[in-house]
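Colleague: Kindly generate the corresponding structure for this input.
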Amino acid sequence: MENTAEYSREASRPVNCRCTAADVGESCECRPRFSVVIPAYNEAASIGDCLDSLLRQDFSEPYEIIVVDNNSTDDTTPAAKARGVTVVREERQGVCWARQLGSELAAGEIIISTDADTTYGRDWLSRIDREFRADPAPVAAAGPFQFVDAPWWGRVWTGALFGYVHAFSRATKRVPYVAAANIAFLKSAWPGYNTYATQGGDELDLLRNLQARGRVAYMADNPVFTSSRRLSRGLVYNVFVTLFYYYALAYVLNRVMSRTMVGMAPAFRGGPSGKTARPWIRVASAFGALIVVAAIFPYHHVIMHHLDAYHHGILRHFDIDM
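Modeller: Numbers count the residues shown, from 1 in each chain. Down below sits the predicted model:
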């Protein structure tokens, strides 16, 4: 893969850096507080709004924005470069590979993971900054996302999910789930991404490793706003294909087998269509779920061993008698 790190550092300066380009790294200390890492695959239609939203933040300290183009065939890179942010290319396909490269190149004290189809309130970074200045400081801070123009079931799903995350976090001081579109973490505590994982590797696996290093804070009042395009296939598709197959089963299989058994979910680009899944998609979704269950059955004892170990770990952590 082409080494883009040196080119990237010359290509852009942190936002709010008051040094000239020639001064950076020499007579001026302009280390960014944050490095916002954005993986992007064919995101020309969305990346502009995302970056404009980040460039309008009310945060006054230096921060950098790194767009990782993951083999786009559209104008994602020109659109990002036109806004003066750092753009690098990751040729190994997959969101975890893209986040890995961007985080490796990050110069900031704190890395923020987000998505290219997402926008932010003007005080999003300021709120994250205040959380990391708390005493004791967390190793990571996460918040919810809200779908834009989502169908009713999409709003119910995210409301229930993040309502549960908030309640569980308050009751146990442990965050059960984080969204890759809205999580910040100290680079010094970053364990690296599980690059053979697909969906879930940049969320569940990252969370598990960060919580082993310290406290993860949950910021219920600091959401991001994400495109609902991934919901365009309808409720049934999203439950059986997106959630069960490409997220839950893929995460378990890829982790247990220590290699990529299930690849990335299909990319949805453009706005939500408002169409529900066609009948053949519904049948295929259910049939696909059965195939996956049959495929992992020979390994069920291995999977159950890992789940049982995780269950006992939770019980020990909270001193719960069995």
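
Colleague: okay, now the domains of the protein?
Modeller: As given by automatic domain parsing, the domain ranges for the chain are 5-227, 233-317.

Colleague: Out of these, which one sits most buried?
Modeller: domain 5-227 (a mean of 19; mean count of other Cβ atoms under 10 Å). (Glycine included, C-beta is placed from N, CA and C.)

Colleague: Could I get the pLDDT score of the residue nearest the centre of the chain?
Modeller: For the chain, the residue whose C-alpha lies nearest the mean C-alpha position (Cα atoms, centre = their mean) is Ala180; its distance is 1.8 Å. Note on Ala180: pLDDT of 95.

Colleague: so who does it touch?
Modeller: Shown in contact with Ala180 (Cβ atoms under 8 Å, 6 or more residues apart in numbering): Val95, Arg99, Ser113, Thr114, Asp115, Asp202, Glu203, Leu206.

Colleague: between those, which is nearest Phe132?
Modeller: Nearest to Phe132 among the contacts of Ala180, counting by Cβ to Cβ, is Ser113 at 14.7 Å.

Colleague: give me the low-pLDDT residue ranges for the protein?
Modeller: 1-11, 20-29, 270-322 (pLDDT under 70).

Colleague: Now do the helices in it.
Modeller: 5-11, 47-55, 76-81, 95-105, 124-132, 152-172, 204-211, 235-237, 250-257, 279-296, 300-317 (DSSP state H).

Colleague: so how far is the shortest one off the chain centroid?
Modeller: Centroid separation for helix 235-237 versus its chain: 22 Å, with Cα atoms, centre = their mean, to the nearest Å.

Colleague: Counting by contacts, list what that helix packs against.
Modeller: helix 279-296 (3 or more Cβ pairs under 8 Å, 6 or more residues apart in numbering; DSSP states H and E).

Colleague: and if we set it to 10 Å?
Modeller: Secondary-structure packing of helix 235-237 (3 or more Cβ pairs under 10 Å, 6 or more residues apart in numbering; DSSP states H and E): helix 152-172, helix 279-296.

Colleague: just the fourth one next, same as before
Modeller: Applying 3+ Cβ pairs under 10 Å, 6+ apart, one finds that helix 95-105 contacts helix 5-11, strand 34-40, strand 63-69, strand 86-89, strand 110-113, helix 204-211.

Colleague: Sheet partners, orientation included, of the fourth one?
Modeller: Strand 86-89 has the following sheet partners, assigned by DSSP bridges: strand 63-69 (parallel).

Colleague: possible to save the helices and strands packed on helix 95-105 as TSV with distance to Thr77?
Modeller: Shown next, in TSV, are the helices and strands packed on helix 95-105 (distance: least, Cβ to Cβ, whole Å):
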stretch	distance to Thr77
helix 5-11	11
strand 34-40	8
strand 63-69	5
strand 86-89	5
strand 110-113	20
helix 204-211	26
